[in-house]
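>>> no sequence for this one, just the structure:
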């Protein structure tokens, strides 16, 4: 099973590829420090907050609902421990 962090990183890669964004550019657009985003993308961040996900969605110019609207976020597909 995937963790919530794994699911977030997968979605970030999907949208970054679609929008041709680098990690650095997404950090600028979202207001999240580049080292923080890099840590998230390398799966080194233990807990990604909802605030961070909201900022990332804004940086991607999509709604939070759109970002989370994927079966990967179905509670049955996630390791919540």
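Thanks, I have the structure now. Just so you know, these numbers come straight off a predicted model, no measurement behind them.
>>> Please state the backbone phi and psi of residue 3?
Residue 3 adopts backbone torsions of phi -90, psi 170, taken as degrees, to the nearest 10.
>>> same thing with residue 42?
Per degrees, to the nearest 10, the backbone of residue 42 is at phi -90, psi 10.
>>> pLDDT value on it, please?
Looking at residue 42, its pLDDT is 96.
>>> Also the one 5 residues further on?
Here, the pLDDT recorded for residue 47 equals 89.
>>> ok, residue 3 to residue 18 distance?
Look at residue 3 and residue 18: by C-beta to C-beta, to the nearest Å, they are 23 Å apart. Placement of C-beta: from N, CA and C, glycine included.
>>> and the gap between residue 39 and residue 45?
5 Å.
>>> typo on my end, residue 68
Distance from residue 68 to residue 45, by C-beta to C-beta: 18 Å.
>>> what residues does the lengthiest helix in the chain touch?
Identified as the longest helix of the chain according to DSSP state H is helix 4-18. With contacts defined as C-beta atoms under 8 Å, 6 or more residues apart in numbering, helix 4-18 is touched by 2, 21-23, 26, 40-41, 43, 45-48, 53, 56, 60, 62, 67, 70, 72-73, 77-78, 80.
>>> Thank you, goodbye.
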